[in-house]
Every structure is written in structure tokens, then in C-alpha cells.
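Peer 1: One predicted model, sequence on top.
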Amino acid sequence: MNHKLILVSHHLCPYVQRAAISLAEKGVPFERVDIDLANKPDWFKAISPLGKVPLLRVQRNGEETVIFESAAILEFLEETQANPLHPADPYA
């Protein structure tokens, strides 16, 4: 998969850590951009309607998609990246 992945985060957010750990465990290259949630940059406010982290910016074929919420980010990574973190058999 030929994506550029940018994880927008805050260094103290535990939900960001879920996404960062998943990316690292899968061996997926990504860029991490920490922001100050007390002084949110304008570019962040423009792409995050709720003003929350984490969010994953997925750049592909000249277009960008933004995925919100750690659970949705983890599901996206599990469906689109190699090295599944969940077993194929849920009872295994």
C-alpha cells in the first residue's frame, strides 16, 4: 500500500498511544505530529471538527483522507496494512 500516514497527536493522550503502538507493531512507516491542545493550530481546526486527537491523515494519489478516533484508526490499519494484530480465528 502506497500511503503517507501522519498521526496527529498530543504527547499525553492515551488514545494516541493506541494508534502509535499499532503502527509501530505493524512496522508501518508514519510521521507523528504533536500539537498543543490548549493552542490548536488553524490547520488542525480545519480538518478536525471536534478538535480531538488522535487523527490519522492518509495521503494517497494526491488526495487526503482524515480518520478520527483511535478505534476507527486501528480498524483502518488492521484492514489495510500487513502484519495483523488480531488472529484470523477470533476463538484462537
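Peer 2: Received the coordinates, thanks.
Peer 1: Surely Phe76 and Ile67 touch.
Peer 2: Yes - counting by Cβ atoms under 8 Å, Ile67 is a contact partner of Phe76 at 5.4 Å. C-betas here are computed from N, CA, C, even on glycine.
Peer 1: hey, where'd the strands end up in this structure?
Peer 2: Assigned by DSSP state E, the chain shows strands spanning 4-9, 31-34, 55-60, 63-68.
Peer 1: Buried residues of the first one, list them for me.
Peer 2: Translated: strand 4-9. 5-9 (16 or more other Cβ atoms under 10 Å).
Peer 1: any chance you could map the helices in the chain?
Peer 2: Assigned by DSSP state H, the chain shows helices spanning 14-26, 42-47, 70-80.
Peer 1: could the ones you listed go into TSV alongside mean pLDDT?
Peer 2: Listed next are the helices of the chain as TSV, based on pLDDT from 0 to 100:
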stretch	mean pLDDT
helix 14-26	95
helix 42-47	95
helix 70-80	95
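Peer 1: State the distance from the residue most central in space within the chain to Phe68.
Peer 2: The C-alpha lying nearest the average C-alpha coordinate of the chain belongs to Leu56 (Cα atoms, centre = their mean; 3.4 Å). Leu56 is 8 Å from Phe68, where distance means Cβ to Cβ, to the nearest Å.
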